[in-house]
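Q: Build me a model:
(chains A, B, C and D)
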Number of protein chains: 2
Amino acid sequence: MTRRKADELDPRERLLQTAQRLFGEQGIHATGIDRIIAEAGVAKMTLYKHFAGKDELVVAALRRKHEVFREFFRAIVESRQEPRGRLLAVFEAQERWFARPDFRGCYFLNAAAELPEANCAARRAVAEHKLWVLGQFQELCRGVGAPEPDRLADELMLLFEGAIARAYVTGDATAARAARRAAAALLEADLPAHRA
Amino acid sequence: MTRRKADELDPRERLLQTAQRLFGEQGIHATGIDRIIAEAGVAKMTLYKHFAGKDELVVAALRRKHEVFREFFRAIVESRQEPRGRLLAVFEAQERWFARPDFRGCYFLNAAAELPEANCAARRAVAEHKLWVLGQFQELCRGVGAPEPDRLADELMLLFEGAIARAYVTGDATAARAARRAAAALLEADLPAHRA
DNA sequence: CAATAAATATACAGACCTGTCTATTCCACA
DNA sequence: TGTGGAATAGACAGGTCTGTATATTTATTG
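A: Residues are numbered from 1 along each chain as shown, chains lettered A, B, ... in the order given. Predicted coordinates for the structure are as follows:
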């Protein structure tokens, strides 16, 4: 086993982080292997020793990004106590996200847009991610006591995804506020008792 | 002036149609000039005589697709008489669209996903398209007599866009039905008089 | 028919792409 | 201090990319 100098990361780790960042910033096809290894400070052979090829690196980057997203999502949800607040916090976090200068839409949807083959490993990773998010919405909807939580989750997630697309294309961060308002209205419609 | 044999299209037209199709099927970066001219049956020099370069061809393809979309949208809206039906018809058309085997998400959003430079001509064309769609939703919302048509239009369009993203990523065409249901609920919330 | 403009075929430059090969250097650990 | 596995540098193959140059053919119009 090779041990690192403790202050610098594993070459594999540097590759993953750099690839994840560049794929997001520039897109997958626009990001060449040479650029990735240069910015990661890693030799080309090291990349091909850790990953079979670019495709595998793309999948690994997607999975890594999913982990990051997961942590983010959990932190946002757990920042609130009451079920309704937990749900709406997701939309409130969107607005801060959209306002970031490095915001470039949905990492996963952007990747899927570049990959026409519906059944490739990367596209499957994207689908898995979205289904995980849907699962979170379903849990949140059960939390608020919705009579049909899965249906409501479908609808709320449409708002969530739509806001990302809208904010990216038109640069309008207030899409998040529209999504939040609509989400509250749908909640209201399903749970008239919770009228605040 | 050069006149055509009447049964075959202008080279420029063949280029535009082929480019529009291939960009949609495979993505922009994945579609090479050589492939476009080969499938269009046009010489390379002809392409560069009509377009300054690939970027300009991309913009032209986006504008052309926008024209096609516009016709589609208008036809759907005008297929109904009553204002509420006109609005909901948009979501009903989505389901048929999503079920098509060549469905590959939003042409414009996919293009934007590949183009990180927010202010390039192609990205501006994408934004223009989305704003046109938003304008249509606003008009439809005014048609149903919504008290705040622009706000409602924002919300309905989030559902519309979200459904496209969802259907593309997970391959689930029923996203359109969830969008339609949520749209009806939001309408209901704003127009309780129209309860049917 | 002759003149003109458009479109064609073909080759090519120069850059970039993924992936491979070889030889060397580094570094932890025995 | 020596050894072995990991990482390195750098060249290279073979393909593809955009865009240009040149010379030829086609079709239309006066």
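Q: What is the neighbour count of residue A:92?
A: 17 (other C-beta atoms under 10 Å in any protein chain shown). All C-beta atoms are positioned from the backbone trio N, CA, C, and that covers glycine.
Q: Now do the helices for chain A: every range, in order, please.
A: Secondary structure of chain A (DSSP state H): helices located at A:11-26, A:33-40, A:44-50, A:54-77, A:83-99, A:107-114, A:121-143, A:149-170, A:175-190.
Q: Run through chain A and note the low-pLDDT ranges.
A: Residue ranges of chain A with pLDDT under 70: A:1-7, A:194-196.
Q: Domains in it, by residue range?
A: If you go by automatic domain parsing, the domain ranges for chain A are A:9-51, A:58-194.
Q: which stretch among the helices of chain A comes nearest residue B:122?
A: Closest to residue B:122 of the helices of chain A, according to C-beta to C-beta: helix A:149-170, at 11.7 Å.
Q: what's the offset of the closest one from the middle of its chain?
A: 13 Å (C-alpha atoms, centre = their mean, to the nearest Å).
Q: ditto for stretch A:167-186
A: Distance, centroid of stretch A:167-186 to centroid of chain: 17 Å (C-alpha atoms, centre = their mean).
Q: quick one: residue A:181 from residue A:165, how far?
A: Per C-beta to C-beta, to the nearest Å, residue A:181 is found 17 Å from residue A:165.
Q: Between those two, which is the more surrounded one?
A: Comparing residue A:181 with residue A:165 by neighbour count (other C-beta under 10 Å), the higher total belongs to residue A:165, at 27 against 17.
Q: Let me know whether that one touches residue B:109 as I believe.
A: Yes. Residue A:165 lies in contact with residue B:109 (C-beta atoms under 8 Å); the separation is 5.6 Å.
Q: and for those two, which residues touch both?
A: The contact sets of residue A:165 and residue B:109 overlap at A:105, A:109, B:161, B:164-165 (C-beta atoms under 8 Å, 6 or more residues apart in numbering or on different chains).
Q: residue contacts, residue A:187?
A: A:84, A:87, A:144, A:146, A:152, A:194.
Q: Report the buried members of the residues you listed.
A: Taking 16 or more other C-beta atoms under 10 Å in any protein chain shown as the criterion, what is buried in the contacts of residue A:187 is A:84, A:87, A:144, A:146, A:152.
Q: Would you list the phi and psi of the fourth one?
A: Note on residue A:146: backbone dihedrals following degrees, to the nearest 10 are phi -70, psi 140.
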